[in-house]
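[1] I would like to see how this sequence folds:
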Amino acid sequence: MLLRSFLAFSLVGGFSWTASAGVAVRDSLPPMHTLRAEEIDSASANHFSDSVTVFLKNGNTLVYGPEDWDMERYEPTLDKRLLTEIRHVTKLFVRVEHEPEFIGGDSAWSQYIADFCDQHRDVIRGEGATKIVLAFEVHLKGQLTDVEVISNPDKSQLGHALVEYFREGVHWLCAVQNGYKVLAVKRVQVNLVKTRK
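    Numbers count the residues shown, from 1 in each chain. Predicted coordinates for the structure are as follows:
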């Protein structure tokens with residue numbers, strides 16, 4: 001049993017694995033969306049580890065952890081069976097111990113919003129100061145998806161531009177729950193004000 005804990009082995013196809021304390025750890029793993037339908041025998045979700053196991057027809061088994069499968073559902077070439085299993089293990093948190101955070105803290109956040117206001121100063125001058133509330137998902141590696149305006153009481157023209165700015169913008173620090181990185185919804189109020197330029 002102890003020998004099995006430290007056994008190193010290699011799978012056919014160039015994927016190497018190292019077993020440590022009875023748990024296989026990957027050295028390299030192909031992105032899920034690169035697996036062709038004809039290569040896949042079956043797939044299953046493990047709710048305990050939030051992993052997706054892919055059984056290939058050549059006998060290889062690939063185990064994808066949360067950080068491996070997290071953004072795969074947005075890949076158009078992802079096999080539908082894999083997408084189904086990803087949906088089974090995806091947990092989207094609304095409340096967490098540690099909220100997602102903008103990288104760099106409050107001063108970086110203020111500068112990020114000031115840069116947007118500067119780029120759109122003519123519109124802000126015409127409309128006046130306004131507040132827009134956005135909601136989005138922060139993924140395990142900090143990517144933002146599903147960015148949307150949830151409140152725009154002044155009907156500002158900048159709602160759509162703000163959504164695009166966030167979609168194309170910087171990554172965030174992901175949320176943490178019980179010591180684990182988790183996918184979470186974040187809501188932010190953005191105050192759009194005139195810049196001094």
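[2] point to the residue nearest the middle of the protein.
    Centroid check for the chain by CA atoms, centre = their mean gives His139 as the closest residue, at 2.2 Å.
[3] give the contact list for the nearest residue to that one once chain neighbours are set aside.
    Excluding the flanking residues, the one nearest His139 by CB to CB, 6 or more residues apart in numbering is Asp70, at 5.2 Å. Where you see a C-beta, it was placed from the backbone N, CA and C, and this is true even at glycine. Counting by CB atoms under 8 Å, 6 or more residues apart in numbering, Asp70 makes contact with 139-141, 183.
[4] do the same with Val54
    Each residue near Val54 by CB under 8 Å, 6+ apart is listed here: 32, 35, 40, 42-43, 61-64, 82.
[5] which single one of those residues is nearest to Ala161?
    Met32 (33.2 Å; CB to CB).
[6] which pLDDT value does the model give the closest residue to that closest one other than its chain neighbours?
    Once flanking residues are discounted, Met32 sits nearest to Glu72: 4.5 Å by CB to CB, 6+ apart. pLDDT recorded at Glu72 is 95.
[7] alpha carbons of stretch 133-144, as PDB, please.
    Taking Å, rounded to 0.1, in the frame of the first residue of the first chain, the C-alpha atoms of stretch 133-144 are listed here in PDB:
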ATOM      1  CA  VAL A 133     -24.600  48.500 -10.800                       C
ATOM      2  CA  LEU A 134     -23.000  45.500 -12.600                       C
ATOM      3  CA  ALA A 135     -23.100  41.800 -11.800                       C
ATOM      4  CA  PHE A 136     -20.600  39.300 -13.100                       C
ATOM      5  CA  GLU A 137     -19.100  35.900 -12.400                       C
ATOM      6  CA  VAL A 138     -15.500  35.800 -11.200                       C
ATOM      7  CA  HIS A 139     -13.800  32.500 -12.200                       C
ATOM      8  CA  LEU A 140     -11.100  30.500 -10.500                       C
ATOM      9  CA  LYS A 141      -8.300  32.300 -12.400                       C
ATOM     10  CA  GLY A 142      -9.900  35.700 -12.100                       C
ATOM     11  CA  GLN A 143     -11.600  35.900 -15.500                       C
ATOM     12  CA  LEU A 144     -14.900  37.700 -15.700                       C
END
